[in-house]
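Colleague: could you work out the structure for the sequence below:
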Amino acid sequence: MKVEHALLRISADAAAEFEASMARALPIIESAPGCHGAEVRRQVEDPSVYLLLVRWESVEAHLAFRESDLFESWRTLTHRWYVEVPQVTHFAAPIDRA
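Modeller: Predicted coordinates:
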């Protein structure tokens with residue numbers, strides 16, 4: 001399992017609209033093959049920043065989503081709110097605890 005991590009910076013005065021769009025967009029990404037859930041959290045220190053976390057079966061599943069019609073629906077609902085291109089990275093499984 002991989003975790004997609006994206007910091008989303010939006011216009012501070014668009015928070016309510018962004019959150020309403022994101023509430024409609026999350027079920028779209030969660031319906032993608034290989035997606036095992038997603039969440040968005042608002043940063044406490046800077047309320048114009050949101051953290052998107054998506055659990056993917058693999059990076060390839062995420063990349064396949066980005067080539068799909070589902071992604072176009074996701075983009076329509078979310079990307080218009082971004083004031084800069086999100087930085088997207090992937091993380092591996094949690095480290096083992098001793």
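Colleague: how about the helices in the chain?
Modeller: Under the criterion DSSP state H, the chain contains helices at 15-30, 59-66, 69-78.
Colleague: need these in CSV with distance to residue 90, mean neighbour count and mean pLDDT, can you?
Modeller: No exception for glycine: its C-beta is placed from N, CA and C like everyone else's. Formatted as CSV, the helices of the chain follow (distance: least, C-beta to C-beta, whole Å; neighbours: other C-beta atoms under 10 Å; pLDDT from 0 to 100):
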stretch, distance to residue 90, mean neighbour count, mean pLDDT
helix 15-30, 15, 16, 97
helix 59-66, 5, 15, 97
helix 69-78, 16, 16, 96
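Colleague: would you turn these into JSON lines with distance to residue 92?
Modeller: As requested, the helices of the chain are exported to JSON lines (distance: least, C-beta to C-beta, whole Å):
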{"stretch": "helix 15-30", "distance to residue 92": "20"}
{"stretch": "helix 59-66", "distance to residue 92": "10"}
{"stretch": "helix 69-78", "distance to residue 92": "23"}
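Colleague: of all those helices, which lies closest to residue 93?
Modeller: Closest to residue 93 of those is helix 59-66 (C-beta to C-beta; 12.7 Å).
Colleague: measure how that closest one sits relative to helix 69-78, angle-wise.
Modeller: 70 degrees (axes from the mean of the first three to the mean of the last three C-alpha atoms, to 10 degrees).
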